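>>> Generate coordinates for the sequence data below:
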Amino acid sequence: MNKKLSPANIVILAAGAVMLIASFLSFYELSILGHGVSFTAWSGADGFGIFGVATVVVLCGVVMAAQVGVDTFAAGVDIPDKPLGLTWDQVHLALGFQATFMMIAFLIRSNGPLDFGIGFWLMLLSSIALLVGAIMRTNEAGSKPRAV
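The predicted model follows:
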């Protein structure tokens with residue numbers, strides 16, 4: 001039986017999808033003498049070393065969206081209620097905070113000759129949306145009546 005998506009879960013699914021798509025767009029751009037080059041979140045050694053760091057942000061969004069998607073749409077799939085002793089709301093808060101914190105760190109650090117591309121801006125907005133969705137999810141869980 002499929003569950004109904006809550007507003008918080010809709011935000012997380014949408015933000016996770018946008019995060020994944022944006023990761024393939026230009027994260028950094030470099031223009032020298034009219035010639036431009038761009039680097040995505042998946043760029044390797046030529047991407048100014050952002051591959052390992054920027055992909056963590058993407059993975060946070062993908063894990064959050066995947067958990068919501070599997071929990072909502074996958075009939076017959078049983079996922080644990082408390083992975084590593086945490087509730088899924090706690091996991092979502094941790095991953096949403098991590099993604100937002102890392103994107104803000106990219107925003108405030110010195111880029112040298114690099115400019116931010118559209119992929120960066122979409123990933124920043126998506127990370128904030130993931131955190132907002134996680135907070136909304138926690139508030140929804142807190143407002144549900146508890147069985148005694």
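
>>> Check Gly117 and give its pLDDT.
Per-residue confidence at Gly117 stands at 91 (pLDDT).

>>> tell me the contacts of it?
By C-beta atoms under 8 Å, 6 or more residues apart in numbering, the contact set of Gly117 is 25-29, 38-39. From N, CA and C alone the C-beta is placed, and that goes for glycine too.

>>> for this protein, what spans make up the helices?
For the chain, the helices defined by DSSP state H cover 7-22, 51-73, 88-108, 118-143.

>>> Could you give me the buried positions within the third one?
I take that to be helix 88-108. Within helix 88-108, the residues that count as buried by 16 or more other C-beta atoms under 10 Å are 88-89, 91-93, 95-100, 102-103, 106.

>>> The contacts of Gly117 in strands, which ones?
Judged by DSSP state E, strands contain the following of the contacts of Gly117: 28-29, 38-39.

>>> Tell me the one of those residues nearest Gly142?
Tyr28 (39.6 Å; C-beta to C-beta).

>>> isn't that closest one right up against Ser38?
Yes: Tyr28 is in contact with Ser38 according to C-beta atoms under 8 Å; the separation is 6.8 Å.

>>> of the two, who's got more company?
Tyr28 (24 against 18; other C-beta atoms under 10 Å).

>>> Wait, Ser26 touches Gly119, no?
Yes: counting by C-beta under 8 Å, Gly119 is a contact partner of Ser26 at 5.0 Å.

>>> Give me the common contacts of those two.
Thr40.

>>> More neighbours: the two, which one.
Remark: of Ser26 and Gly119, Gly119 carries more neighbours, 24 against 21, as counted by other C-beta under 10 Å.

>>> check contacts around the closest residue to Thr138 other than its chain neighbours.
Setting aside the residues directly before and after it, Thr138 is nearest to Asp89 in space (C-beta to C-beta, 6 or more residues apart in numbering), at 4.9 Å. Contact analysis of Asp89 by C-beta under 8 Å, 6+ apart lists 134, 137-138, 141.

>>> Kindly recompute the last result at 6 Å.
The contact partners of Asp89, taken as C-beta atoms under 6 Å, 6 or more residues apart in numbering, are 137-138, 141.

>>> quick revisit: how about the helices of the chain in a markdown table, adding distance to Lys82?
Listed next are those as a markdown table, based on distance: least, C-beta to C-beta, whole Å:
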| stretch | distance to Lys82 |
| --- | --- |
| helix 7-22 | 18 |
| helix 51-73 | 13 |
| helix 88-108 | 8 |
| helix 118-143 | 13 |
